[in-house]
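Asks: okay, here's the prediction I keep looking at, along with the sequence it came from:
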Amino acid sequence: MNPEFNIRRFLLEDEEKLSPFAKKSSESLGRKFPMKRDPFRLEFARDETRILHSPPFRRLKHKTQVFLSPNNDHICTRMEHVLHVSSIAAVIGRCLNLNIDLINAIAKGHDLGHPPFGHAGEEVLDEILKEEGVENGFKHEIHGLRVVDKLTNYGAGLNLTWEVRDGITTHCGERFEQVVTPDRKRDIKQIESIEDRCCYPATLEGCLVRLVDRIAYLGRDLEDAVKAGLVKKTDIPPDIAKNLGTDNGKIIGAFVNDTIASSLGKDEIAMSDEVFSYMNQLKEFNYRNIYKHPQVERKSKKAANLIRLLYHELVKILEKSDRGANQIFVQTVLKESPIVEVFFNFIKNTNFNESVDSWRIITDYIAGMTDLFAERTFNQLFMPDPVI
């Protein structure tokens, strides 16, 4: 008997044991562009692999989570955060008997649209675009759909399933809901028209990733802040210390246990009133003592200024070079700033046509940068080199 048939049959039969609230691969709406079936993986597992091997995923290791361009190797980066979300969500999802392949694919792809310098980068891009007249500004989860659809593989995208793309676009971990319920009535084939944070995931797996996004960063940001000397464990309010703990592992454990207990047998991902209250207290403590800490805010302001200067300089270069067609101007720029060749290659390889606005091209380029690449580009464009 064909081993491919046996393996696929086993995988599909195994999916039949999932919760009635889970999304099975056999129920997927598929992809925009049909692909030949893989003999050893179902569709959501293929998506996870496609994300893992993509350049945007690799760049997450040099993108900020909270602390900008840290010199300490043990401070959380954007890639670590994504892996934490995937790991925690898989633990909860297994206990709720959900589709682990779908959870892992959404979790690993959920922050691919994040710009450099964390939320400072996102906020300044949002401000710039609104100044340019772009009403909805910049939101990393909406941009994430552009990354997987249009900005990877030289403009061809990753061709992910509708369900994974929906989970990326609607993950919005900045909202603190006690209960996240899937919007099963929404037509997920309309996700390309989503321009704000109005929508909830269409799958329970997407809802789980959305809630776990918070679980993954609250305790870890606290742990990193203690390492950085911004707060001491003794600063943590007694209620939080007693009921959640002061270490990241204990905090995650408290949230995970409560989420499983509150969500079992339901078509929703929920937390109890008590533990959700402690989560909000921890969030408020982090905002007050970490995210709004003077040291963090000073560095965030510098990062925002860097991105603002980069944005306007790249607009000038784009337009004066006639989008790379004016080779005399291009060579003049490259003589002073060789790193800008990456920008011209990006324009050429992403297949932008003449109707694409300058703000769109520059935003796509800057949002794809790592912290380190943004700094290197800035230095070549604005810092003088010695003449001799």
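Replies: The structure has been received and is ready for your questions.

Asks: from A303, how far off is the most centrally placed residue in the chain?
Replies: The centroid of the chain falls nearest to D111 when counting by Cα atoms, centre = their mean (0.6 Å). From D111 across to A303, the span is 17 Å (Cβ to Cβ, to the nearest Å). In this view, the C-beta of every residue, glycine as well, is placed from N, C-alpha and C.

Asks: list the contacts of the residue nearest to the centre of the chain.
Replies: L60, R78, H81, V82, H140, G144 (Cβ atoms under 8 Å, 6 or more residues apart in numbering).

Asks: apart from its chain neighbours, what residue comes closest to the fourth one?
Replies: It refers to V82. D111 (5.4 Å; Cβ to Cβ, 6 or more residues apart in numbering).

Asks: is the one you found in a helix, a strand, or coil?
Replies: The three-state label given to D111 by DSSP: H, G, I helix; E, B strand; the rest coil is coil.

Asks: so what pLDDT did it get?
Replies: On pLDDT, D111 comes in at 95.

Asks: any idea how far it lies from E313?
Replies: Distance of D111 to E313, given as Cβ to Cβ: 26 Å.

Asks: quick one, phi psi at the nearest residue to G113 once chain neighbours are set aside?
Replies: Distances taken as Cβ to Cβ, 6+ apart place G144 nearest to G113, at 3.0 Å, with adjacent residues excluded. Dihedral angles of G144 (phi, psi; degrees, to the nearest 10) stand at phi -60, psi -30.

Asks: thinking R197 is in contact with H171, fair?
Replies: No - contact status for R197 versus H171: not in contact, 9.8 Å apart, counting by Cβ atoms under 8 Å.

Asks: more neighbours: the two, which one.
Replies: Set side by side, R197 and H171 show more neighbours around H171, with 28 against 16, by other Cβ atoms under 10 Å.

Asks: excluding sequence neighbours, find me the nearest residue to the more buried one.
Replies: H110 (4.4 Å).

Asks: ok, back up a step: redo the contacts of D111 as CSV? Include distance to L52 and secondary structure.
Replies: CSV is the format used below for these (distance: Cβ to Cβ, whole Å; DSSP: H, G, I helix; E, B strand; the rest coil):
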residue, distance to L52, secondary structure
L60, 11, helix
R78, 15, helix
H81, 15, helix
V82, 10, helix
H140, 19, helix
G144, 15, helix
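
Asks: separation between S337 and K316?
Replies: Taken as Cβ to Cβ, the span from S337 to K316 is 12 Å.

Asks: correction: the previous question concerned D235.
Replies: Applying Cβ to Cβ to D235 and K316 gives a distance of 46 Å.

Asks: and for F329?
Replies: 10 Å.

Asks: between D235 and K316, who's got more neighbours?
Replies: Using other Cβ under 10 Å as the criterion, D235 and K316 rank with D235 on top: 14 against 11.

Asks: ramachandran coordinates for that one?
Replies: According to degrees, to the nearest 10, D235 has phi -80, psi -20.

Asks: same check, this time on the one 10 residues further on
Replies: Backbone torsions for G245, taken as degrees, to the nearest 10, come to phi 110, psi 180.

Asks: how many neighbours does it have?
Replies: G245 - counted by other Cβ under 10 Å - has 16 other residues nearby.

Asks: with D239 instead?
Replies: There are 12 residues near D239, going by other Cβ under 10 Å.

Asks: then V148?
Replies: The burial count for V148: 25, using other Cβ under 10 Å.

Asks: residues contacting it?
Replies: By Cβ under 8 Å, 6+ apart, the neighbours of V148 are I51, S54, P56, G109, L112, G157, L158, L160, R165, I168.

Asks: again, but for I88
Replies: I88 makes contacts with V212, I215, A216, I252, V256, as judged by Cβ under 8 Å, 6+ apart.

Asks: quick check: closest non-adjacent residue to the first one.
Replies: To tie it back to what came earlier, the one meant is V212. Once flanking residues are discounted, V212 sits nearest to A89: 4.3 Å by Cβ to Cβ, 6+ apart.

Asks: so that neighbour versus L230, what's the distance?
Replies: Relative to L230, and taking Cβ to Cβ, A89 is found at 28 Å.

Asks: give me the more crowded residue out of these two.
Replies: Neighbours of A89 and L230, each counted by other Cβ under 10 Å, are more numerous for A89; the result is 29 against 18.

Asks: what's the most distant pair in the contacts of D111?
Replies: H81 and G144 (14.0 Å; Cβ to Cβ).

Asks: so E48 touches A105, yeah?
Replies: Yes - using Cβ under 8 Å, E48 makes contact with A105 at a distance of 4.1 Å.

Asks: when those two are compared, which one has more neighbours?
Replies: Just comparing E48 and A105: by other Cβ under 10 Å the higher neighbour count belongs to A105, 31 against 23.

Asks: now name the helix or strand holding the more buried one.
Replies: Per DSSP states H and E, A105 falls inside helix 100-109.

Asks: ok, then the element right after that helix?
Replies: By DSSP H and E, the next helix or strand past helix 100-109 is helix 118-131.

Asks: in that following helix, what counts as buried?
Replies: Buried positions in helix 118-131, judged by neighbour count with 16 or more other Cβ atoms under 10 Å: G118, H119, A120, G121, E122, E123, V124, L125, D126, I128, L129.
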